[in-house]
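Enquirer: pasting the structure only:
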């Protein structure tokens, strides 16, 4: 038997019940939307991070009005907030403000990323600082950061900061790219000039550098690039066993990172673990243009161990072309040429390696206040066939002499 159809009255009661439920649901949604809208308005369109007080927002608006004579928009208030919070020591919150500014914003984008990088350095976040700098450089040309543009100062400061980070991590092949870009903007100060032209002749495993590296490592102990730099420092300090333990753990975490693999190969090479060295190299990818210099050096050493002097010479030729002032590269190429019967070229490279060892001592004295040492380093560079380095060192010497004359004239 089919069920009886409901009466008209019952149908009306059901209809009224359904309509009432829908109205209640609609009212609840409207209330939620109103609350959400109020919160967005109170928080500056949700751009202001949680933790920034209303008083801090008001102070930032007043600071902006006092300078610009108008009200700030959402992006501008974030920038002022970031600067104010950083000055008060609330750097974590300043980072949150700077991160919310679009990097492509024509007014605040470049400035926000430079501040973000600086704040990350204060918090010992190396990867965050590098990421912020690279974001800035990636958009600089499109938002006025080209040579002489309104963002030129931010671009130069960002590159100098990146040079510092790359130096600390011994990523010299990447550092060279940034230094050459900096040089396009004019003569560099003495330290950057030496880093550009003589990357391997400067002290790069100093206790001071390692102390700063340790600060970064405590914040990010699993950062493979920081670990790799620490491993190379340990190798230089004679702590090969600890270096091997750390780098093998880093390889397990980052098995495809060429920089990590190169340091792992160096550990095995320095320990004369020929079997382990060859086994790891066999697991590495084939040689590619632009790989870390240390990886190419390890390939050259592996070829020498196997007696493949043609391949060893090829690897060291690449390295000498990249850094003609590295005595180890010159010696490696001289050894390969000697095994190939190229005696005259071998002798030339050995003599160059000796000259570079002498230049290393001169460069240690070549600061802005010592024009004589700068000029001596320039003369040595010219003798080594490095005219660009010689010219820059001579200009720095002249600048130093002028600074000394100015100081004397100002004295009573």
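Expert: Perfect, I can see it now. Source: prediction; values computed, not measured.
Enquirer: residue 269 touches residue 301, doesn't it?
Expert: Yes. Between residue 269 and residue 301 there is a contact at 6.0 Å, judged by C-beta atoms under 8 Å. Yep, even glycine has a C-beta here, placed from its N, CA and C like the rest.
Enquirer: quick check: which ranges of the stretch 151-300 of the chain have low pLDDT?
Expert: Along the stretch 151-300 of the chain, no part satisfies pLDDT under 70.
Enquirer: okay, and residue 317 sits in which element?
Expert: Applying DSSP states H and E as the criterion places residue 317 in helix 309-322.
Enquirer: which residues does that helix contact?
Expert: Contacting residues not belonging to helix 309-322 are listed as 173, 176, 287, 293, 296-297, 299-301, 303-304, 326, 329-330, 332-333, 335-337, 339-340 [C-beta atoms under 8 Å, 6 or more residues apart in numbering].
Enquirer: now do the helices in the stretch 101-250 of the chain.
Expert: Assigned by DSSP state H, counting those that start in this stretch, the stretch 101-250 of the chain shows helices spanning 109-122, 126-139, 152-168, 172-184, 190-197, 207-219, 224-236, 240-253.
Enquirer: now restrict the contacts of helix 309-322 to buried residues only.
Expert: By neighbour count, with 16 or more other C-beta atoms under 10 Å, the contacts of helix 309-322 hold 173, 176, 293, 296-297, 299-301, 303-304, 326, 329-330, 332-333, 335-337, 339 as buried.
Enquirer: which ones among those map onto strands?
Expert: Taking DSSP state E, every one of the buried ones among the contacts of helix 309-322 sits outside strands.
Enquirer: residue 393 - nearest residue in space that isn't next to it in sequence?
Expert: Of all residues not flanking residue 393 in the chain, residue 378 sits nearest, at 3.3 Å (C-beta to C-beta, 6 or more residues apart in numbering).
Enquirer: angle of the helix or strand containing the one you found against helix 190-197?
Expert: Assigning secondary structure by DSSP H and E places residue 378 in helix 371-383. Angle, helix 371-383 to helix 190-197, by axes from the mean of the first three to the mean of the last three C-alpha atoms, to 10 degrees: 10 degrees.
Enquirer: tell me how far the closest residue to residue 340 other than its chain neighbours lies from residue 142.
Expert: With C-beta to C-beta, 6+ apart as the criterion, residue 340 has its nearest non-adjacent residue at 5.3 Å, and that residue is residue 309. Here residue 309 is placed at a distance of 49 Å from residue 142 (C-beta to C-beta, to the nearest Å).
Enquirer: more crowded one of the two?
Expert: Applying other C-beta atoms under 10 Å to residue 309 and residue 142 shows that residue 309 carries more neighbours, namely 18 against 11.
Enquirer: what's the separation between the more buried one and residue 332?
Expert: On the measure of C-beta to C-beta, residue 309 and residue 332 end up 11 Å apart.
Enquirer: got the contact list for the residue nearest to residue 393?
Expert: Residues in contact with residue 378 (C-beta under 8 Å, 6+ apart) are 389-394, 397.
Enquirer: 6 Å - rerun?
Expert: 390, 393-394 (C-beta atoms under 6 Å, 6 or more residues apart in numbering).
Enquirer: of those, just say which sits nearest to residue 230.
Expert: Using C-beta to C-beta, residue 393 comes nearest to residue 230 of these, at 32.6 Å.
Enquirer: what is the neighbour count of the closest one?
Expert: Neighbours of residue 393 using other C-beta under 10 Å come to 29.
Enquirer: domain-wise, how is the protein divided?
Expert: 54-168, 207-400 (automatic domain parsing).
Enquirer: a markdown table for those, including distance to residue 183?
Expert: A markdown table is the format used below for the domains of the chain (distance: least, C-beta to C-beta, whole Å):
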| stretch | distance to residue 183 |
| --- | --- |
| domain 54-168 | 10 |
| domain 207-400 | 8 |
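Enquirer: looking at those, which is nearest to residue 47?
Expert: Residue 47 lies closest, by C-beta to C-beta, to one member of the domains of the chain: domain 54-168, at 4.9 Å.
Enquirer: what about the spatially closest residue to residue 265 that is not a sequence neighbour, how many residues nearby?
Expert: Distances taken as C-beta to C-beta, 6+ apart put residue 298 closest to residue 265, at 4.2 Å, once the chain neighbours are dropped. Applying other C-beta under 10 Å, we find 24 residues neighbouring residue 298.
Enquirer: isn't residue 298 right up against residue 263?
Expert: No. Here residue 298 does not reach residue 263: they are 9.4 Å apart, not a contact under C-beta atoms under 6 Å.
Enquirer: how about the next helix or strand after the helix holding residue 378: buried residues?
Expert: Later in the chain than helix 371-383, the nearest helix or strand by DSSP H and E is helix 387-410. Judged by neighbour count (16+ other C-beta under 10 Å), helix 387-410 contains these buried residues: 389-390, 392-394, 396-397, 399-400.
Enquirer: okay, now the unreliable bits of the stretch 301-412 of the chain?
Expert: 365-369, 412.
Enquirer: follow-up on the earlier one: tell me what angle the helix holding residue 317 forms with helix 172-184.
Expert: Taking the same axes, to 10 degrees, helix 309-322 and helix 172-184 form an angle of 30 degrees between their directions.
Enquirer: buried ones in helix 309-322?
Expert: Under the neighbour-count criterion of 16+ other C-beta under 10 Å, helix 309-322 has 309, 311-320 buried.
Enquirer: how many residues are close by residue 379?
Expert: The tally of other residues near residue 379 (other C-beta under 10 Å) stands at 15.
Enquirer: an error on my part: the question was meant for residue 185.
Expert: Neighbour tally, residue 185, other C-beta under 10 Å: 13.
Enquirer: residue contacts, it?
Expert: No contacts exist for residue 185 under C-beta under 6 Å, 6+ apart.
Enquirer: check the residue lying closest to residue 123 once chain neighbours are set aside and give its pLDDT.
Expert: In this structure, residue 123 finds its nearest non-sequential neighbour in residue 91, 5.7 Å apart by C-beta to C-beta, 6+ apart. You'll see residue 91 listed with a pLDDT of 98.
Enquirer: and what of the one 10 residues further on?
Expert: Per-residue confidence (pLDDT) for residue 101: 97.
Enquirer: give the contact list for it.
Expert: The neighbourhood of residue 101, defined by C-beta under 6 Å, 6+ apart, consists of 75, 78, 108, 112.
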